[in-house]
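Chemist: Turn this into a model:
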Amino acid sequence: MAAFVAASAVLAAPWPAAAAAAKKKGAAGAHAGGAGAGTGAGAAGSLRDETGAKPVTTVYLFAEGAAAARRAEVLGALEEELTVNDELAFTSFAALLGDVDEAYDKRKDDAVARCAEARPALEELDVEKALPELKKCVADLEALVGLSDVTDDLYDAQKSLALAAFLGGEEKLAAAALRQALVLKPDTTKIDSAAFPKRMRPLVDDLLLNFELDRGSVEVEADPPGAEVYLNGVLAGISPLKLDNLYYGRNYLTVRAPGLLPYVGKLTVDAPSLAPARITLPASKIDVRGELEAMRAKLGETFVPAKAAGLRKKLAVDVMVFGLLRPGADRAADLALFAYDLRTGKRLNTERLTLPAGDRSPLASGVERLFTDLMPDAGAGDDAAAAARGPGLLAKLGAGAAKAAGSPLFWATVGGGVVAVAAVAVIVVVAGGARAPAGGWFVAGL
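Modeler: The predicted structure follows:
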């Protein structure tokens, strides 16, 4: 009973984003989209996940021939139509390559929702259920320190993890989680040991007493220089710089530079002076050229090709729309749209449009149809893929054969070939004496 009261006290204050997460989750069932399946959605036909969060979505447009001149115009119109779709959290492809803050915020919302789901189980002392969820949500939030505003949420999640770990018999984890909470907010007066179970109070008191005794320093050097350095989620300065008064234990270190992949890690302080921390950021912007080439080659097929599977991780997106723009008749342009769910690696839908010169009206209805009546399977994908790529080798050979069939010389040649093959087959059977294995054909001498 005492443990239950203590758990309620620790969890008394609402988590900063819990209300928003609950609101999102409540909206998950309100979507009345198509009846598609296999989309990774929390509800049939919806692309939202189990928490009700909208899928982060972007679009990339391939263009061929004379249509390349219209690419910017069509792409801009496509982005506008995707932006106003209430079921999508749209981010432009260009923004993703330079700054992915919107995607990080979406990941934060997902992590906060996971933390909120663990809260009732902890209040009921269901540690077996609460502890794994809290570990996961803390790990997800830690990966976003310095990338999104997660300090308050992570602080509360660490305290809850400390309580769940202690109740589950993992005292070392409990102490480490509570120390990480203090690293984020060093004001020890904000943590009252009386709010924790009686058996846990000595651990809490000892940690509060010794937390500020030892400090260390370290120099941070980033490649390239001039990157922003965040310590425990707070901007500390521009590299290279020296960080002083670091608390012993693990500190959160984030290094960011525009257009480069960020570094997010933990800096362990166990001495007054540490060796310089040298952080190398990727020397180029996010490179997805190989993935885009792989998608172009397989555009319209049922599944995302293996060589393009890295798109979701590199861009931090859930759904991606690919367009193929080609010149049409009478100054029009032909546009094929293919929507893929990168979470499942599966094609969602296909839409084909003709865009008259100066007329963007077909895009609005086309994009709307693209995200309704989601495909329950991708059987039509083979036709869509074939149309996108043009006639294949077998189709060309078949057409050539049909054309040749009208020639008398063709049939004379075929007839001679049949006789020759029959003669060879007789010779093989008579001279070879080979036996065919059960259940299959066997040709000797070939």
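
Chemist: for the chain, which spans come out with low pLDDT?
Modeler: 1-45, 66-69, 98-102, 213, 258-259, 282-285, 373, 375-446 (pLDDT under 70).

Chemist: Verify the stated contact: Leu208 with Asp192.
Modeler: No - if you go by C-beta atoms under 8 Å, Leu208 and Asp192 don't touch, sitting 9.5 Å apart. The C-beta positions use only the backbone N, C-alpha and C, and glycine is treated the same way.

Chemist: where do the strands sit along the chain?
Modeler: For the chain, the strands defined by DSSP state E occupy 56-63, 89-90, 215-223, 228-231, 234-238, 241-247, 249-256, 263-269, 277-280, 319-327, 333-341, 346-355.

Chemist: between Leu208 and Asp192, which one's more packed in?
Modeler: Leu208 (16 against 12; other C-beta atoms under 10 Å).

Chemist: tally of neighbours for the nearest residue to the more buried one once chain neighbours are set aside?
Modeler: Closest residue to Leu208 apart from its sequence neighbours, by C-beta to C-beta, 6 or more residues apart in numbering: Thr188 at 4.7 Å. Using other C-beta under 10 Å, the number of residues around Thr188 comes to 12.

Chemist: could you list every residue that touches Thr188?
Modeler: Leu182, Leu208, Phe211, Glu212 (C-beta atoms under 8 Å, 6 or more residues apart in numbering).

Chemist: Tell me how far the third one lies from Asn85.
Modeler: Shown here: Phe211 relative to Asn85, a distance of 48 Å by C-beta to C-beta, to the nearest Å.

Chemist: now the last one
Modeler: The span separating Glu212 from Asn85 equals 51 Å under the rule C-beta to C-beta.

Chemist: Check the second one too.
Modeler: Taken as C-beta to C-beta, the spacing of Leu208 relative to Asn85 amounts to 50 Å.

Chemist: Please name the bridge partners of Asn349.
Modeler: Bridge pairing for Asn349 (DSSP bridges) gives the partners Ala339.

Chemist: heads up, I number from 3, so please use that
Modeler: Got it, first residue is 3 now, which makes that one Asn351.

Chemist: That one reaches Glu370, doesn't it?
Modeler: No - assessed by C-beta under 8 Å, Asn351 is found out of contact with Glu370, at 11.0 Å.

Chemist: of the two, who's got more company?
Modeler: Using other C-beta under 10 Å as the criterion, Asn351 and Glu370 rank with Asn351 on top: 24 against 13.

Chemist: Ser94: how many residues sit nearby?
Modeler: A count of neighbours around Ser94, defined by other C-beta under 10 Å, yields 16.

Chemist: close enough to count as contact, it and Thr60?
Modeler: Yes - Ser94 lies in contact with Thr60 (C-beta under 8 Å); the separation is 6.6 Å.

Chemist: For Ala178, list the residues it contacts.
Modeler: Gly251, Arg252.

Chemist: meant to ask about Arg252
Modeler: Arg252 makes contact with Ala178, Arg181, Gln182, Val185, Lys268, Leu269, Thr270, Val271, according to C-beta under 8 Å, 6+ apart.

Chemist: any idea how far the second one is from Pro329?
Modeler: Same thing as Arg181. Arg181 sits 63 Å away from Pro329, taking C-beta to C-beta as the criterion.

Chemist: And the first one, by the same measure?
Modeler: According to C-beta to C-beta, Ala178 and Pro329 sit 62 Å apart.

Chemist: Next: the fourth one.
Modeler: In this structure, Val185 and Pro329 are 59 Å apart, going by C-beta to C-beta.

Chemist: Next: Leu365.
Modeler: 17 Å.

Chemist: Same check on Arg345?
Modeler: Taking C-beta to C-beta, one finds Arg345 at 34 Å from Pro329.

Chemist: Over to Lys137?
Modeler: For Lys137 relative to Pro329 (C-beta to C-beta), the value is 55 Å.

Chemist: OK, contacts around Glu135?
Modeler: Arg116, Cys117, Glu119, Ala120, Ala123.

Chemist: Export the residues you listed to TSV and append columns for neighbour count and distance to Ser162.
Modeler: As requested, the contacts of Glu135 are exported to TSV (neighbours: other C-beta atoms under 10 Å; distance: C-beta to C-beta, whole Å):
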residue	neighbour count	distance to Ser162
Arg116	20	12
Cys117	25	7
Glu119	20	12
Ala120	24	7
Ala123	18	10
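
Chemist: Show me what counts as buried in stretch 134-153.
Modeler: 135-137, 139-140, 142-150, 152-153 (16 or more other C-beta atoms under 10 Å).

Chemist: Mind checking which of Leu365 and Pro329 has more residues around it?
Modeler: Leu365 (20 against 16).

Chemist: wouldn't the more buried one be in contact with Ala79 here?
Modeler: Yes - counting by C-beta under 8 Å, Leu365 touches Ala79, with 5.2 Å between them.

Chemist: shared neighbours, the two?
Modeler: Contacts common to Leu365 and Ala79, judged by C-beta under 8 Å, 6+ apart, are absent.

Chemist: quick one: Glu81 and Leu90 touch, right?
Modeler: No - with contact defined as C-beta under 8 Å, Glu81 does not count as touching Leu90 (11.2 Å).

Chemist: More neighbours: those two, which one.
Modeler: Set side by side, Glu81 and Leu90 show more neighbours around Leu90, with 21 against 18, by other C-beta under 10 Å.

Chemist: Now that one. Its backbone dihedrals?
Modeler: phi -120, psi 150 (degrees, to the nearest 10).

Chemist: excluding its backbone neighbours, what's nearest it?
Modeler: Thr59 (4.3 Å).
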